[in-house]
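Chemist: coords below, sequence missing:
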């Protein structure tokens with residue numbers, strides 16, 4: 001396989017960085033030690049500029065190529081934060097902090113981009129500038145948005161931006177991507193149904209919010225099955241329900257909540273409208289009151305056409321034609337790289353993690369055998385996007 005030779009040589013060193021990050025996981029924006037270590041390495045590699053504190057704790061390193069005629073600036077992004085999960089593995093480098101672990105592979109993402117940074121600083125075989133973006137708070141904190149809001153794109157003149165994530169179940173040495181929506185928008189809803197409490201032996205004297213909530217929850221499933229197009233991916237799931245304090249009392253109210261996963265702005269808006277309509281309509285029919293609240297999450301992760309093509313061609317240079325799926329099935333999980341793709345054209349690609357535990361599982365671990373493929377992808381992407389003429 002045409003892995004960059006230098007990446008094969010750096011494999012052990014990059015793996016050691018990864019293990020160090022894995023043993024010391026940090027959450028959300030509190031990635032102070034991780035960010036400091038990233039900045040220190042970038043300076044040691046010889047980055048032309050290293051800026052910290054972008055989006056609170058994000059780091060950006062600039063590497064200028066041997067030529068500058070194009071003026072082109074391309075952003076490569078890795079996430080740094082871990083998850084509030086207790087690791088159940090017994091690896092030598094397991095998390096040293098109970099209740100925190102790198103259960104999504106951000107340790108691997110950071111290490112791979114650091115490896116690419118070292119290579120690019122050594123070779124500089126491109127015409128333009130690479131902006132190496134190390135982001136905090138991907139796991140629910142919208143760190144990507146925070147960096148964008150802090151002027152990431154304009155401050156560094158980034159014209160296009162690329163991201164990468166490992167994928168358990170995809171063979172090591174393989175890549176997967178698709179043009180258009182590749183990951184879903186993630187929204188939440190909270191609903192309160194207020195009826196009229198009564199003794200369970202005399203239900204006719206009250207308005208039962210439990211029976212009504214059961215009817216509402218069943219009807220919410222018709223949004224996907226009867227309102228949404230079968231060709232448009234959409235998920236509406238109720239995941240929490242709280243009601244009652246005693247076996248012989250019909251409670252005054254019920255609260256339940258859940259998530260909406262959609263692949264388009266139209267689908268997102270339609271689902272919210274239908275949830276509100278169904279809840280209000282059924283509550284009105286039963287003489288009950290209701291409250292409906294939505295929390296908007298990450299937007300759809302949308303790969304732009306030209307940039308997806310560039311990512312596919314680069315991945316093929318690294319893995320070979322047969323190891324790159326250019327039309328991978330979209331996922332209903334969310335990703336805050338979506339905020340960067342709203343600001344600039346770009347593409348988000350998956351790199352194979354092999355037959356491992358799934359993401360966010362307490363037995364998950366990033367597969368170190370994927371490192372040469374991820375680092376080679378970043379290196380080749382810089383050289384193919386900004387070739388020296």
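Modeler: All right, it came through fine. For clarity, every value in this text was computed on a predicted model and none was experimentally measured. Numbering: from 1, shown residues only.
Chemist: what distance separates stretch 172-179 from the centre of its chain?
Modeler: Offset of stretch 172-179 from its chain centre (CA atoms, centre = their mean, to the nearest Å): 16 Å.
Chemist: endpoints of that stretch, how far apart?
Modeler: Chord length of stretch 172-179, first to last residue, is 22 Å (CA to CA, to the nearest Å).
Chemist: poorly predicted segments of the chain, please.
Modeler: The model of the chain has pLDDT under 70 over residues 1.
Chemist: domain map for it?
Modeler: With domains defined by automatic domain parsing, the chain comprises 5-183+300-385, 185-295.
Chemist: turn these into JSON lines, including mean neighbour count.
Modeler: Every residue, glycine included, has its C-beta placed from N, CA and C. Formatted as JSON lines, these follow (neighbours: other CB atoms under 10 Å):
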{"stretch": "domain 5-183+300-385", "mean neighbour count": "20"}
{"stretch": "domain 185-295", "mean neighbour count": "17"}
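Chemist: show me the longest helix that occurs in the chain.
Modeler: With secondary structure taken from DSSP state H, the chain has its longest helix at helix 265-285.
Chemist: dead centre of the chain: give me the residue that sits there.
Modeler: Geometric centre of the chain, nearest residue: residue 335, 2.5 Å, by CA atoms, centre = their mean.
Chemist: gap between it and residue 2?
Modeler: Applying CB to CB, to the nearest Å, the value for residue 335 to residue 2 is 28 Å.
Chemist: got it, and residue 82?
Modeler: Distance from residue 82 to residue 2, counting by CB to CB: 33 Å.
Chemist: which residue, other than its chain neighbours, is closest to residue 349?
Modeler: Leaving aside its chain neighbours, residue 349 sits nearest to residue 177 (4.5 Å; criterion: CB to CB, 6 or more residues apart in numbering).
Chemist: contact partners for that neighbour?
Modeler: 303, 308, 311-312, 315, 324-326, 328, 347-350 (CB atoms under 8 Å, 6 or more residues apart in numbering).
Chemist: now render those as JSON lines, adding secondary structure.
Modeler: JSON lines is the format used below for the contacts of residue 177 (DSSP: H, G, I helix; E, B strand; the rest coil):
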{"residue": "303", "secondary structure": "strand"}
{"residue": "308", "secondary structure": "helix"}
{"residue": "311", "secondary structure": "helix"}
{"residue": "312", "secondary structure": "helix"}
{"residue": "315", "secondary structure": "helix"}
{"residue": "324", "secondary structure": "strand"}
{"residue": "325", "secondary structure": "strand"}
{"residue": "326", "secondary structure": "coil"}
{"residue": "328", "secondary structure": "coil"}
{"residue": "347", "secondary structure": "strand"}
{"residue": "348", "secondary structure": "strand"}
{"residue": "349", "secondary structure": "strand"}
{"residue": "350", "secondary structure": "strand"}
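Chemist: nearest to residue 211 among those?
Modeler: residue 328 (43.2 Å; CB to CB).
Chemist: isn't that closest one right up against residue 183?
Modeler: No. Residue 328 is beyond contact range of residue 183, at 10.8 Å (criterion: CB atoms under 8 Å).
Chemist: strands of the stretch 101-250 of the chain, start to end?
Modeler: Using DSSP state E, counting those that start in this stretch, the strands of the stretch 101-250 of the chain run over 129-135, 160-168, 175-176, 180-183, 185-194, 198-199, 234-243, 249-250.
Chemist: would a markdown table of those with distance to residue 64 be doable?
Modeler: Formatted as a markdown table, the strands of the stretch 101-250 of the chain follow (distance: least, CB to CB, whole Å):
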| stretch | distance to residue 64 |
| --- | --- |
| strand 129-135 | 5 |
| strand 160-168 | 17 |
| strand 175-176 | 27 |
| strand 180-183 | 31 |
| strand 185-194 | 36 |
| strand 198-199 | 73 |
| strand 234-243 | 44 |
| strand 249-250 | 70 |
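Chemist: quick one: which of the ones you listed is nearest residue 88?
Modeler: Here strand 160-168 is closest among these (CB to CB), at 15.9 Å.
Chemist: contact partners for residue 65?
Modeler: Applying CB under 8 Å, 6+ apart, we find residue 65 in contact with 124, 125, 126, 127, 128, 129, 130, 382, 386, 388.
Chemist: would you list those in TSV and tack on distance to residue 137?
Modeler: Output for these, formatted as TSV (distance: CB to CB, whole Å):
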residue	distance to residue 137
124	31
125	33
126	30
127	33
128	29
129	25
130	23
382	26
386	29
388	36
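Chemist: just the ones in helices from those residues, please.
Modeler: Of the contacts of residue 65, the ones assigned to helices by DSSP H are residue 382.
Chemist: for residue 222, see how far away the nearest residue to residue 233 once chain neighbours are set aside is.
Modeler: In space, and not counting its chain neighbours, residue 233 is closest to residue 263: 4.5 Å by CB to CB, 6+ apart. Per CB to CB, residue 263 is found 19 Å from residue 222.
Chemist: likewise residue 112?
Modeler: 44 Å.
Chemist: repeat for residue 55
Modeler: Residue 55 is 40 Å from residue 222, by CB to CB.
Chemist: show me the contacts for residue 122.
Modeler: Taking CB under 8 Å, 6+ apart, one finds 6, 45 in contact with residue 122.
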